[in-house]
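> only geometry, no sequence info:
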């Protein structure tokens, strides 16, 4: 059977596009913003809020978490989103092979005892800057280097907070690919061929 | 042109065999123990001593380095070996495409401004134990888990000491591959196809 594929990625490395192309080529579902839509339906939070709180965290969030929400019966909004998101990811994965981008899916599914093909996509700073500038046709709110730094820091902290693992650490992924050096197409080809090889085993 | 390929690897992950097969398939030279032979010729140290001091370091080595050798004109034996090894690696790489295993080759060649395809091979503990047990037909001096732990720790410390980088950190490699999950043949196929794609650019 084809594997469930999780894709973690540095901001601007093309991980979303690569995941989408892999899913298309393998003919399996692709989950990224679809998860945000479902979390919005189930939680009542706005989509933008979920996009931010479902993959990023900050020192301030963590302070609130430790000092305010820990003393209440309700978890923090971030905890609630993580919980709903985890349930949706588990539910989707239980339906069969698919590609899931971000949101600690590798960790969530490992906790459920599910075997997954975990991919991490990264790239040099120049390639990522170029990609972010190309997809944002309007003016950016901050210098692009600052955006990359902030997004990666937030994802890394979020991943650490919920998994107690280090984001990008090779031991947690079967493939770490540099999309700047390899190009998006080669990344897609590698993931597809590995998935097909697993399908034949 | 085909790239110069450097392979770093966890102990017992099959990195040596993978590198050798890649070199064979691409028809380019493969350097591993050959480097040890050359260092032995040029330095006068015994091969076993070089194998240990050319890829591994310990807290004791580092203590000697900081407290004894740093006050003399001569570097430590480890420093001398690193220097000779670096020269040989640079010399080999300057001759054209090849595969070099271990010995901080990725860092050494980057310092010389040479572009390389850097690969890191790792695997789960069970696959590595199995490989180490299979290639050691005699009795092992220590439990295999202990050997793996000690070797990786030594390689990691050596790499950090001479490069100030973190061994295995995804940012330093274009490909991090899990040979336990993928199998040696798939690792070879991926590296060969990436190298051939670069050859056509």
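Done, it's in. Note that the coordinates shown come from a computational prediction; the quantities given were computed from them, not determined experimentally.

> where exactly do the strands run in chain A?
With DSSP state E as the criterion, chain A has strands at A:4-9, A:30-31, A:99-101, A:116-122, A:175-178.

> Check which helices and strands the second one is in contact with.
Going back to what we said before, that points to strand A:30-31. helix A:15-26, strand A:99-101 (3 or more Cβ pairs under 8 Å, 6 or more residues apart in numbering or on different chains; DSSP states H and E). No exception for glycine: its C-beta is placed from N, CA and C like everyone else's.

> okay if I get the strands of chain A as TSV plus mean pLDDT?
Formatted as TSV, these follow (pLDDT from 0 to 100):
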stretch	mean pLDDT
strand A:4-9	96
strand A:30-31	92
strand A:99-101	95
strand A:116-122	97
strand A:175-178	98
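
> Do you have the helices of chain A handy? List them.
A:15-26, A:33-43, A:47-53, A:59-67, A:77-94, A:105-111, A:125-135, A:144-163, A:179-182, A:184-199 (DSSP state H).

> ranking those by burial, who's on top?
Comparing those by mean neighbour count (mean count of other Cβ atoms under 10 Å in any protein chain shown), helix A:179-182 ranks first with a mean of 23.

> how about that helix, does it get close to chain B?
Yes - contact of helix A:179-182 with chain B (Cβ under 8 Å from any Cβ of the partner chain) involves A:181, A:182.

> tell me what that helix is packed against?
Using 3+ Cβ pairs under 8 Å, 6+ apart, helix A:179-182 sits against strand A:116-122, helix A:125-135.

> now for the ones you listed, which one comes closest to chain B?
strand A:116-122 (5.4 Å; Cβ to the nearest Cβ).

> Need the nearest residue in space to the residue in chain A that chain B sits nearest to, chain neighbours excluded.
Closest approach between chain A and chain B, counting by Cβ to the nearest Cβ: residue A:176, at 3.4 Å. Spatial nearest neighbour of residue A:176, excluding adjacent residues (Cβ to Cβ, 6 or more residues apart in numbering or on different chains): residue B:176 at 3.4 Å.

> so what's that neighbour bridging to?
residue A:176, residue B:120 (DSSP bridges).

> Same check on residue A:5?
When bridges are called by DSSP bridges, residue A:5 pairs up with residue A:99, residue A:117.

> got the contact list for it?
Residues in contact with residue A:5 (Cβ atoms under 8 Å, 6 or more residues apart in numbering or on different chains) are A:19, A:22-23, A:97-100, A:116-119, A:191, A:195.

> can you name the two of those residues that are farthest apart?
Across the contacts of residue A:5, the longest distance by Cβ to Cβ is 15.4 Å; it joins A:23 and A:118.

> still on that earlier bit, just give me the neighbour total for the residue of chain A closest to chain B.
27 (other Cβ atoms under 10 Å in any protein chain shown).

> Looks like it contacts residue A:122 (just checking).
Yes - at 6.9 Å, residue A:176 counts as touching residue A:122 under the criterion of Cβ atoms under 8 Å.

> Between those two, which contacts overlap?
By Cβ under 8 Å, 6+ apart, the residues touching both residue A:176 and residue A:122 are A:168, B:170.

> which residues of chain A score low on pLDDT?
Regions of chain A meeting the criterion pLDDT under 70 cover residues A:50, A:52-54, A:56-75.

> who in chain A is up against chain B?
Residues of chain A lying near chain B (Cβ under 8 Å from any Cβ): A:117, A:120, A:122, A:168-171, A:173-178, A:181-183, A:186, A:189-190, A:193-194, A:197.

> For residue A:100, list the residues it contacts.
So residue A:100 contacts A:4, A:5, A:6, A:7, A:31, A:32, A:35, A:89, A:92, A:93 (Cβ under 8 Å, 6+ apart).

> Just name the closest of the residues you listed to residue A:49, please.
residue A:35 (14.1 Å).

> so what's the closest one up against?
A:54, A:85, A:88, A:89, A:92, A:100, A:103.

> Figure out which of the helices and strands packed on strand A:30-31 is closest to residue B:154.
Between these, helix A:15-26 lies closest to residue B:154; by Cβ to Cβ that is 33.9 Å.

> still on that earlier bit, for the contacts of residue A:35, name the two members farthest from one another.
Longest span within the contacts of residue A:35, Cβ to Cβ: A:54 and A:92, 14.5 Å.

> Compile the helices of chain A into CSV and extend it with columns for distance to residue B:201.
Listed next are the helices of chain A as CSV, based on distance: least, Cβ to Cβ, whole Å:
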stretch, distance to residue B:201
helix A:15-26, 19
helix A:33-43, 34
helix A:47-53, 36
helix A:59-67, 43
helix A:77-94, 37
helix A:105-111, 32
helix A:125-135, 15
helix A:144-163, 26
helix A:179-182, 11
helix A:184-199, 11
